[in-house]
Structure formats: structure tokens, C-alpha cells
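Trainee: fold the following, please.
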Amino acid sequence: MALEILLDDIKAVNGYVACGIMTFTGDMLVHHCADQAVDIEFVGALFNDIFRSAHKASKDVGLQAASDVLIKSADGTILMHCSGVDAPAHLHFVSILRADGNRVLMERAMDRTVPKAVAEFS
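Mentor: Next up, the predicted model:
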């Protein structure tokens, strides 16, 4: 499978800006940007650190590792999703939406993408 095809559902969401699939350590495996001013590799690495901290914090309070992190600002939304720390491929997904973007459809698109990406990278 061409890796870019993995991102098709995500790119189709209203308000989409950028997305990527990374290893859990933050290495970008595949990405796309509708806005070339966005450095998705930098954004991914930056927010991946926050996501890994959320994994740890969740465990520290007796929960399982975080599966999703949502960060909203007046300008847009960053959504992070984890394939699962025990998945055959522990992947982190990042997407950026404009403020008027459809977050619910983005979450669903990411959920559809996860099993395909895990199968591709495991």
C-alpha cells in the first residue's frame, strides 16, 4: 500500500490542515500538509512529547496509557491518537484542524485509519 493512501480519510475532513503518523518516539513515517506554512514534522515531534507525558501521567494515577489528547485553541485543534502501547505497531497519529473544522469526523477518520496503519507497519 502506498503510505499516503493511509491519510486519505483524514485529509477529507472539513477544516483539515495537516496530519501525520509517527512512531511512538516521534519519528514521522508519513505526513501531509494542506497548508505549506505548517511544519508537521516539528509539530508532530513537539506534541508527541506532550502525548508521551499524558501516557505517563495516566499510568501514574492508576489508569491505562492515554489513548487520545485533544488540544484546542482559538485558531484550531490538535488531535493526537495512539494505536495502543501494546499494539503490534505502537503508533501516534497527529492531526491539525482549523477552528471551524469537524473534530468529530476527524476522530472517526483517525479511528478508521489506525487499523490500516498498524497492519502496514507491524
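Trainee: quick one: residue 17 and residue 31, what's the gap?
Mentor: Taking CB to CB, to the nearest Å as the measure, residue 17 falls 12 Å from residue 31. Quick note: C-beta positions are derived from backbone N, CA and C, even for glycine.
Trainee: wait, what's in contact with residue 117?
Mentor: Applying CB atoms under 8 Å, 6 or more residues apart in numbering to residue 117 gives the contacts 6, 21, 83, 89, 91, 93.
Trainee: by neighbour count, which of those residues wins?
Mentor: Highest neighbour count within those: residue 21, with 29 neighbours (other CB atoms under 10 Å).
Trainee: which helix runs longest in the chain?
Mentor: Longest helix in the chain by number of residues, with DSSP state H as the criterion: helix 40-60.
Trainee: list the helices and strands that one packs on?
Mentor: strand 16-23, strand 28-33, strand 68-72, strand 76-82, strand 91-98 (3 or more CB pairs under 8 Å, 6 or more residues apart in numbering; DSSP states H and E).
Trainee: next, format those strands as JSON lines and append mean pLDDT.
Mentor: Listed next are the helices and strands packed on helix 40-60 as JSON lines, based on pLDDT from 0 to 100:
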{"stretch": "strand 16-23", "mean pLDDT": "96"}
{"stretch": "strand 28-33", "mean pLDDT": "95"}
{"stretch": "strand 68-72", "mean pLDDT": "95"}
{"stretch": "strand 76-82", "mean pLDDT": "95"}
{"stretch": "strand 91-98", "mean pLDDT": "96"}
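Trainee: make a markdown table out of these and add distance to residue 51.
Mentor: As requested, those are exported to a markdown table (distance: least, CB to CB, whole Å):
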| stretch | distance to residue 51 |
| --- | --- |
| strand 16-23 | 9 |
| strand 28-33 | 14 |
| strand 68-72 | 5 |
| strand 76-82 | 5 |
| strand 91-98 | 6 |
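Trainee: so which of these is nearest residue 107?
Mentor: For those, the distance to residue 107 is smallest for strand 76-82, at 6.7 Å, taking CB to CB.
Trainee: now that closest one against strand 16-23, angle please.
Mentor: If you take axes from the mean of the first three to the mean of the last three CA atoms, to 10 degrees, strand 76-82 sits at 20 degrees to strand 16-23.
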